[in-house]
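> next comes the sequence, and after it the predicted model I'd like to discuss.
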Amino acid sequence: MTSAAEFHAFGTKETFETEAADWIEARLEDALSRRGKATLFCSGGSTPGPIYEALSGLNLDWEHVTIGLADERWVDETHEASNAALVRRTLLKDKAEAATFLPMKTEDNSAFGAEAALERTYGEAASVIDVLVLGMGEDGHTLSWFANAKGLGAATDPGNMLSVAAIDAPKSKVTGEITERMTLTYPVVGRARNILLLMSGDKKKSVFEAANPEHPVSLMRRAAGKALTVFYRS
Ligand SMILES: O=C(O)[C@H](O)[C@@H](O)[C@H](O)[C@H](O)COP(=O)(O)O
C-alpha cells in the first residue's frame, strides 16, 4: 500500500517554482540548524531548472551543503543530456557556488560496473538525504527507474546494500538516445528525510494516480512513505 503523499496543486508555473524553492530552502535551513550540514540531491529534466536558479541566490550556509544527483545519464558533462551540467549551470553559481557537488559520472565507459567505485563518494553522502528533488516522466519513471529497464530490479531492491545502481532503459521518446544511466537505489529513497516530487501536466497526474503497485513511481512512493510531498501544476 503506498501511503497518501502530501499533494499541493498550483495554478501557475511561477507559484509552483517559487513555492518549491521555498519548500526546499526551509528544509535545508532546518537541517543546517539541527546538524550544521545538509544534503540536497537533484533530478534533471526540464522542470527543476528555474527552481535551482532561485535556490542559487539564497543566503544559505552553502559551505555546509553537499549537492548530489538523484540520477545521471551516462554521458560526460560536455554532453547536452548531462544532469551534472544542468546542476552546475542552474544551481552551482552565485551564493550556492560554495556548496560541495558530487557528480555521478565516472571515467568508466559503462555505468554497469561503476557502482562500487561511485559508492566510495555516494555511499556516505547519500546515507541520509535531507532534501531529494524528483521529477516524473509521462511514462511514470522517476529517478532513472524506468519500467522494464535492465538493472531496475537491483535499483528498486529494498535490500540493496549500494546507494547507486546502473540502468539501461528501453529506448523511448522519454529516454531519447541516452538509455544508460546511474540512479539512486530504493534504500536511499527510503532513508531520505524530505522528498519533493515535481509534476507538471495533467497526463503526469493521471499516470501518478493510476500507476499499478509495481510501477516505478509506485515503488518510489512505497520507499518514500510520509517523506513524500508532491507539487503539481497543470
Ligand atoms: O535524468 C532525468 O531524466 C531526470 O532525473 C528524470 O527522472 C526527470 O525527473 C523526469 O524525466 C521528469 O523530467 P521533466 O522535469 O522534464 O518532466
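All right, it came through fine.
> pull the contacting residues for Leu132.
Contacts for Leu132 (C-beta atoms under 8 Å, 6 or more residues apart in numbering) come out as Phe41, Ala70, Leu184, Val189, Ala192, Asn194, Ile195, Leu196. All C-beta atoms are positioned from the backbone trio N, CA, C, and that covers glycine.
> I meant to write Ala38 there.
Counting by C-beta under 8 Å, 6+ apart, Ala38 touches Leu28, Ala31, Leu32, His64, Val65, Thr66, Asp130, Val131.
> ok, the third one to Ala99 distance?
What it means is Leu32. Distance, Leu32 to Ala99, by C-beta to C-beta, to the nearest Å: 11 Å.
> show me where this protein has its helices.
Along the chain, the segments classed as helices by DSSP state H run 13-35, 49-56, 83-90, 115-125, 152-155, 186-191, 202-210, 216-224.
> which among those helices is found nearest to the ligand?
The ligand sits nearest to helix 83-90 of all those, at 5.2 Å, using C-beta to the nearest ligand atom.
> which neighbouring elements make contact with the closest one?
helix 49-56, strand 65-69, strand 71-73, strand 100-101 (3 or more C-beta pairs under 8 Å, 6 or more residues apart in numbering; DSSP states H and E).
> repeat that for 6 Å
helix 49-56 (3 or more C-beta pairs under 6 Å, 6 or more residues apart in numbering; DSSP states H and E).
> next, the angle helix 13-35 makes with the helix it packs on.
If you take axes from the mean of the first three to the mean of the last three C-alpha atoms, to 10 degrees, helix 49-56 sits at 40 degrees to helix 13-35.
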